[in-house]
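A.B. asks: Just to be clear, the model below is a prediction. Sequence and coordinates:
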Amino acid sequence: MNQYLEKKSQSPLYQQLMNRLKNDISAGVYPAGARIPSEQQLCESYSVSRVTVRKAILDLVQEGLLVRKQGKGTFVAGQRLQRDLRHITSFTDACAQRGQQTESRLVSAQLVPATGEDAHLLGLAEDATLFEIIRVRLIGGEPVMLEINRFPESFAYLKDEAAEGSLYACLQRHGVIPTTAVHDISLSHATPMVSKHLNTEVGAALLLLDEVIHDQHSQPLHLSRQWIRGEKFTFRI
């Protein structure tokens, strides 16, 4: 059945369509994870152009209410994970606090030469070797973050924990407690490598979080770079 919009209204048609879709999401017509009707179906249901539909959907994607999956359609975004950057909490613990099941997919764990910037931030010699762990983090089986963690070579024992579990829990068992961090948050876009691991389109907007984490003695502990699907996270600073 057609659901006509008010074409004589001062509110643009795409804005009206956005509000209709928001109301349907709030009312549970389209629950979290559900696929919304196709562009053609929305055009027919609301008697509007494809340009209007695409504008409405794009804005809802940018707001984080909808997420596009390449080759599959547009879906209602699931519940966002809130990360409190005022406290050092592992991804595993942050998800557990909200009752969310997490997984880690190991991409690589290896020794790499430090860049000049890495060495400076960690207070190491320029020719230092670092232990690098690259992992994809998943919630409910869906990839939400690609992370690169770089530690001084002395922390290579973390390799045993790289595939599964919390690196921070392992550190604490060795008497090392991540305590403070310096955060830099910016907007990034998915490269082919990042899009492959996060199952997003190349060029998709992502949050980029760079951190320098310090231990309980205020010494640099490790560097972290995380590409994050923004529709899955909110940050408290």
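C.D. replies: Here it is on my side, so go on.
A.B. asks: Name the residues of stretch 140-159 that come out as buried.
C.D. replies: Neighbour-count burial for stretch 140-159 flags 143-152, 155-156, 158 (criterion: 16 or more other C-beta atoms under 10 Å). For the C-beta atoms, the positions are set from N, CA and C on the backbone; glycine is no exception.
A.B. asks: starting at the chain centroid, how far to that stretch?
C.D. replies: Taking C-alpha atoms, centre = their mean, to the nearest Å, one finds the center of stretch 140-159 at 15 Å from the center of the full chain.
A.B. asks: do stretch 29-40 as well
C.D. replies: 21 Å.
A.B. asks: Which residue ranges of this protein form strands?
C.D. replies: 66-69, 73-76, 81-84, 102-113, 129-139, 142-152, 178-189, 205-215, 220-228, 233-236 (DSSP state E).
A.B. asks: Ok, which of these comes nearest residue 27?
C.D. replies: strand 73-76 (11.8 Å; C-beta to C-beta).
A.B. asks: Quick check: buried residues in that closest one?
C.D. replies: So, applying 16+ other C-beta under 10 Å, buried residues of strand 73-76: 74, 75, 76.
A.B. asks: so what's the first one up against?
C.D. replies: In this structure, residue 74 makes contact with 35, 36, 57, 61, 66, 67, 68, judged by C-beta atoms under 8 Å, 6 or more residues apart in numbering.
A.B. asks: List the contacts of the third one.
C.D. replies: To tie it back to what came earlier, the one meant is residue 57. 36, 39, 66, 74.
A.B. asks: again, but for the first one
C.D. replies: Residue 35 sits next to 72, 73, 74, 75 when contact means C-beta under 8 Å, 6+ apart.
A.B. asks: Apply 10 Å and report the result again.
C.D. replies: Residue 35 sits next to 69, 72, 73, 74, 75, 76 when contact means C-beta atoms under 10 Å, 6 or more residues apart in numbering.
A.B. asks: next one: the fourth one
C.D. replies: Contacts for residue 61 were tallied using C-beta under 10 Å, 6+ apart; they are 67, 68, 74, 77, 204, 205, 230, 231.
A.B. asks: Quickly name whichever of these is closest to residue 7.
C.D. replies: Once C-beta to C-beta is applied, the member of those that ends up nearest residue 7 is residue 74, at 24.1 Å.
A.B. asks: Run through the bridge partners of the closest one.
C.D. replies: Assessed by DSSP bridges, residue 74 has beta-bridge partners residue 68.
A.B. asks: In the chain, where is pLDDT below threshold?
C.D. replies: By pLDDT under 70, the low-scoring segments of the chain are 1-4, 78-101, 231-237.
A.B. asks: Can you pull the domain assignment for it?
C.D. replies: 13-76, 81-236 (automatic domain parsing).
A.B. asks: Residue 183 touches residue 223, doesn't it?
C.D. replies: No: counting by C-beta atoms under 10 Å, residue 183 does not reach residue 223; the two are 11.9 Å apart.
A.B. asks: Give me the common contacts of these two.
C.D. replies: Common neighbours of residue 183 and residue 223 (C-beta under 10 Å, 6+ apart) are 210, 211, 212, 213.
A.B. asks: Return the residues in contact with residue 49.
C.D. replies: 13, 14, 43, 55.
A.B. asks: how about those residues in TSV, adding distance to residue 195 and neighbour count?
C.D. replies: Output for these, formatted as TSV (distance: C-beta to C-beta, whole Å; neighbours: other C-beta atoms under 10 Å):
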residue	distance to residue 195	neighbour count
13	32	20
14	27	20
43	28	17
55	24	18
